[in-house]
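Trainee: sequence and predicted model, in that order:
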Amino acid sequence: MRTLIAGNWKMHGSKDWSRKPAEFDETLPSRQRTGIDVLICPPFPYLAAMAKACEGLDIAVGSQDCHANSSGAHTGETSAEMVADCGATYAIVGHSERRAAGESDSDACQKAEAALRAGLIPIICVGETLEQREAGEALSVVEGQIKESVPYGYDDYVIAYEPVWAIGTGKVAEISDIKEMHDHIRGIVGANTRILYGGSVKPGNAKDILATENVNGALIGGASLEMADLAAIARSA
Ligand code: PGA
């Protein structure tokens with residue numbers, strides 16, 4: 001199974017960030033990335049330019065969300081077909097920052113299905129809050145999210161386990177907790193699905209996280225904004 005190193009730029013960047021893929025490739029050329037897929041997910045307005053900037057560099061581009069419908073009267077929304085039309089091949093769905101804004105498992109599921117219909121690979125995000133972890137509910141919460149957020153009858157999706165309390169906080173889950181959760185998820189999704197860890201992944205902790213059984217890559221926020229950091233994480237995979 002190929003390791004997926006995915007950068008989620010969130011609401012960061014500008015037009016001139018389309019220089020970043022070349023910067024990444026200079027730091028870590030594609031011939032040194034055997035067995036690793038690299039993905040960058042910029043904000044919607046930059047998808048097409050990023051896809052162009054990634055041509056020939058063996059770096060994939062994805063969106064951070066998509067709408068469940070292909071088209072229609074949905075002001076401000078972007079469909080999976082549009083994302084694919086821009087040259088992207090992945091779409092993140094159900095990120096905890098969107099769940100915090102009211103998105104449900106069922107929304108994530110419909111978006112994941114829309115992504116698959118459009119030929120994109122959805123990265124379906126799940127993860128417990130600190131309260132849920134402290135109440136001993138982490139495994140059951142994540143299991144419930146996966147059962148409700150993964151569309152029935154598809155194989156080509158990625159799960160990103162991101163404990164909500166570890167996102168953007170500098171707090172990283174213990175390796176033993178990551179292993180326990182990823183083993184649990186493996187039991188739900190089967191042998192062929194990539195399971196990413198996300199939440200304050202940095203060059204300094206990536207090696208141990210990525211060496212953990214059933215961790216097949218990382219979803220990286222803050223540390224994906226600097227290509228030197230993203231490349232260092234990819235190198236440690
Ligand atoms: P972080 O974000 O690496 O900044 O914690 C991860 C994410 O939200 O995907």
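Mentor: Cool, the structure landed.

Trainee: alpha carbons of stretch 26-36, as CSV, please.
Mentor: What follows is stretch 26-36, C-alpha atoms only, in CSV (Å, rounded to 0.1, in the frame of the first residue of the first chain):
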residue,chain,number,x,y,z
GLU,A,26,13.4,20.6,-5.6
THR,A,27,13.6,19.6,-2.0
LEU,A,28,12.4,16.1,-2.6
PRO,A,29,12.5,15.1,-6.2
SER,A,30,9.9,12.5,-7.4
ARG,A,31,12.6,9.8,-8.0
GLN,A,32,13.2,9.9,-4.2
ARG,A,33,9.5,9.5,-3.5
THR,A,34,9.0,5.8,-4.5
GLY,A,35,6.1,4.3,-2.6
ILE,A,36,4.8,7.7,-1.5
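
Trainee: which residue lies farthest from the center of the protein?
Mentor: Computed with CA atoms, centre = their mean, the maximum C-alpha offset from the centroid of the chain is found at residue 73, amounting to 27.8 Å.

Trainee: mind pulling up the pLDDT for it?
Mentor: As predicted, residue 73 sits at a pLDDT of 98.

Trainee: let's verify it: helix, strand, or coil?
Mentor: Using DSSP: H, G, I helix; E, B strand; the rest coil, the structure places residue 73 in coil.

Trainee: okay, now the closest residue to the ligand within the chain: neighbour count?
Mentor: Residue of the chain nearest the ligand, by CB to the nearest ligand atom: residue 221 (2.3 Å). For the C-beta atoms, the positions are set from N, CA and C on the backbone; glycine is no exception. Residue 221: 21 surrounding residues under other CB atoms under 10 Å.

Trainee: same check on residue 153?
Mentor: Neighbours of residue 153 (other CB under 10 Å): 7.

Trainee: got the contact list for it?
Mentor: Counting by CB atoms under 8 Å, 6 or more residues apart in numbering, residue 153 touches no other residue.

Trainee: please report the distance of it from residue 177.
Mentor: 31 Å (CB to CB, to the nearest Å).

Trainee: that older thread, how close does the residue of the chain closest to the ligand sit to residue 109?
Mentor: For residue 221, the distance to residue 109 - CB to CB - is 23 Å.

Trainee: over to residue 79?
Mentor: Counting by CB to CB, the gap from residue 79 to residue 109 is 16 Å.

Trainee: ranges for the helices of this protein?
Mentor: Along the chain, counting by DSSP state H, helices occupy 20-27, 47-54, 80-85, 96-99, 105-117, 130-134, 138-149, 175-189, 203-210, 227-235.

Trainee: how far does the fourth one sit from the chain's center?
Mentor: To tie it back to what came earlier, the one meant is helix 96-99. In terms of CA atoms, centre = their mean, to the nearest Å, the centre of helix 96-99 is found 13 Å from the chain centre.

Trainee: over to stretch 198-218?
Mentor: 13 Å.

Trainee: just the CA atoms of the worst-scoring helix or strand of the chain on mean pLDDT, as CSV, please.
Mentor: Least confident helix or strand, the chain: helix 130-134 with a mean of 94, by mean pLDDT, DSSP states H and E. Extracted C-alpha coordinates of helix 130-134, given in CSV (Å, rounded to 0.1, in the frame of the first residue of the first chain):
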residue,chain,number,x,y,z
LEU,A,130,-11.3,15.4,24.1
GLU,A,131,-14.5,15.0,26.1
GLN,A,132,-15.4,11.8,24.2
ARG,A,133,-11.8,10.4,24.7
GLU,A,134,-11.9,11.2,28.4
